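Trainee: The following comprises the amino acid sequence and a computationally predicted model.
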Amino acid sequence: MAPKQEFKTTAMFKQLMSQYYAQGVEARRKNIPVAWVTAVFPVEILYAAEVFPYYPENFGALAAARKIAHDLSELAEAKGYFYDLCGYARCGIGDAYAQEHPVGEIERPDIIFCCNTQCGSLPKWFEAASRFYNAPYFLLDAPLIEDAWEEQVKKYFIKQLEEMIDFLEQSTGKAFDYNRLVRVLDLSNEACRLWNEILDTAALKPAPFGFFDACFHMAPIVTWRGTEEAVTYYRALKEELDERIKKGIYAIPNERYKIYWDHIPVWPRLRWFADLFAEHGALVVVSQYTHSWAYNFDPSNPLESLADNYLKSFVNRSFDKRIDLKINFMKKYNVDGFVLFSNRSCKPNAFGLYDKSNVIKNVTGLPGVVFEADMSDLRFFSEEQVRSKIEVFVEQLKER
Ligand code: SF4
């Protein structure tokens, strides 16, 4: 396969992410608290409080993409953590005990914030980290949203946001600035809008951008959401994509099929999967995962709006609602088939995938496949088995 034409914004991306990690070091020097935070968390409040938010899940994904998750995991396992735990947690815990840090050392937290919308692993991992680093821990509890939206749940969440702001005021010694929160929400809105416009270019046929590109370019929407930096970056990426569309530069040559992917990628095999699909003229164009950051806040009603957006995230929804959301994406991107990744690390997202696959096939009539592996740990990845499953699936696409 011809080498892919690299995005010009890749250089900007690298510079931006180095700047992000350097800010953590700088925060320490200036006595600005470093706060651990989960990916689906109202980080806008932390940016407004001028605390440095650090994402241990992002560290896990980086370690996995650089193929060292296995080594870090073994260090965690040597301390009694089981290899069935989430791979991000094993990477973070392993690195805390490591003597060498090939992807940089996981940042030591001064305070820890966790929202349990995503899973039960993060609250336990962060609780263990709170003991290990002796850092105070704030758990933001998000009740599951079934199909009906309960006002009581929203009130409960808003009350906790207020408590969190009190906790931040005590930790930083500074009064919380609600005007700054409004500015941060505006910036977050703009970055999310641009990010979702970028993702939507994958609906074009042929498309200039696919899911595996999104996996690379998503780090700023996670880490820098709520800042000018994220807006500047996604504006540049969007301009580059518009230029590529004009010049006819596409994600893969000869795109024939569009594929839906659920949910996280297999980080150490990102390129392998992209090439495997491309060999057959298939482009993975959409996943619920990269669309997680589709927030739209009402800055005139900040706390209520934060509650609305973060509680309703797909990771906090019922079985049926998640299926509906997947089917909506499949329709919107006009896909020809779907691949559901049963991720050993991520039980809440792997749960019921075979049943989901059956429902989706019945409703849409699309071919689909479920494969099992781990998002970070290659000990649980059988290249041969996965390849043969994907190839059978591709044959079904061709027969349609
Ligand atoms: S991958 Fe799954 S289990 Fe791990 S932190 Fe993310 S949501 Fe939780």
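Mentor: Ah, there it is. Numbers count the residues shown, from 1 in each chain.

Trainee: Just the buried residues of stretch 130-138, please?
Mentor: 130, 133, 135, 137-138 (16 or more other C-beta atoms under 10 Å). (Glycine included, C-beta is placed from N, CA and C.)

Trainee: Any chance of a markdown table for the residues you listed, columns secondary structure and distance to the ligand?
Mentor: Below are the buried residues of stretch 130-138 laid out as a markdown table (DSSP: H, G, I helix; E, B strand; the rest coil; distance: C-beta to the nearest ligand atom, whole Å):
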| residue | secondary structure | distance to the ligand |
| --- | --- | --- |
| Ser130 | helix | 16 |
| Tyr133 | helix | 18 |
| Ala135 | coil | 19 |
| Tyr137 | strand | 16 |
| Phe138 | strand | 17 |
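
Trainee: Among the residues you listed, list the two that are farthest apart in space.
Mentor: Tyr133 and Phe138 (14.1 Å; C-beta to C-beta).

Trainee: Can you get me a residue count around Ala175?
Mentor: 9 (other C-beta atoms under 10 Å).

Trainee: For it, which non-adjacent residue is spatially closest?
Mentor: Leaving aside its sequence neighbours, Ala175 sits nearest to Glu169 (C-beta to C-beta, 6 or more residues apart in numbering; 6.2 Å).

Trainee: buried set for the strand or helix carrying that neighbour?
Mentor: Following DSSP states H and E, the helix or strand that holds Glu169 is helix 151-172. Neighbour counts over helix 151-172 (16+ other C-beta under 10 Å) mark 153-154, 157-158, 160-161, 164-165, 167-168, 171-172 as buried.

Trainee: pretty sure Trp293 is in contact with Trp195, am I right?
Mentor: Yes. The pair formed by Trp293 and Trp195 meets the contact definition of C-beta atoms under 8 Å, at 5.9 Å.

Trainee: Which one of those two is surrounded by more residues?
Mentor: Trp195 (27 against 21).

Trainee: looking at it, the more buried one is touching Ile221, isn't it?
Mentor: Yes. The criterion here is C-beta under 8 Å, and Trp195 meets it with Ile221 at 4.7 Å.

Trainee: any shared contact partners between those two?
Mentor: In terms of C-beta atoms under 8 Å, 6 or more residues apart in numbering, Trp195 and Ile221 are both contacted by the residues 234, 293.

Trainee: need the contact list for the nearest residue to Pro302 once chain neighbours are set aside.
Mentor: Of all residues not flanking Pro302 in the chain, Leu181 sits nearest, at 5.2 Å (C-beta to C-beta, 6+ apart). Residues near Leu181 by C-beta under 8 Å, 6+ apart: 44-45, 48, 302.

Trainee: Next up, phi/psi of Leu181, please.
Mentor: phi -60, psi -40 (degrees, to the nearest 10).

Trainee: Which residue, neighbours along the chain excluded, lies closest to the closest residue to the ligand within the stretch 151-300 of the chain?
Mentor: The ligand sits closest to Ile264 of the stretch 151-300 of the chain, with a gap of 6.0 Å, by C-beta to the nearest ligand atom. Leaving aside its sequence neighbours, Ile264 sits nearest to Met375 (C-beta to C-beta, 6+ apart; 4.7 Å).

Trainee: for the one you found, what are its contacts?
Mentor: Taking C-beta under 8 Å, 6+ apart, one finds 64, 87, 264-267, 341, 343, 345-346 in contact with Met375.

Trainee: Please pick the buried ones from the residues you listed.
Mentor: Buried, going by 16+ other C-beta under 10 Å: 64, 87, 264-267, 341, 343, 345-346, out of the contacts of Met375.

Trainee: Report the mean per-residue pLDDT for the helix or strand hosting Ala274.
Mentor: Secondary-structure assignment from DSSP H and E places Ala274 in helix 270-279. Helix 270-279 comes out with an average pLDDT of 96.

Trainee: do the same with stretch 116-132
Mentor: On average, stretch 116-132 scores 96.
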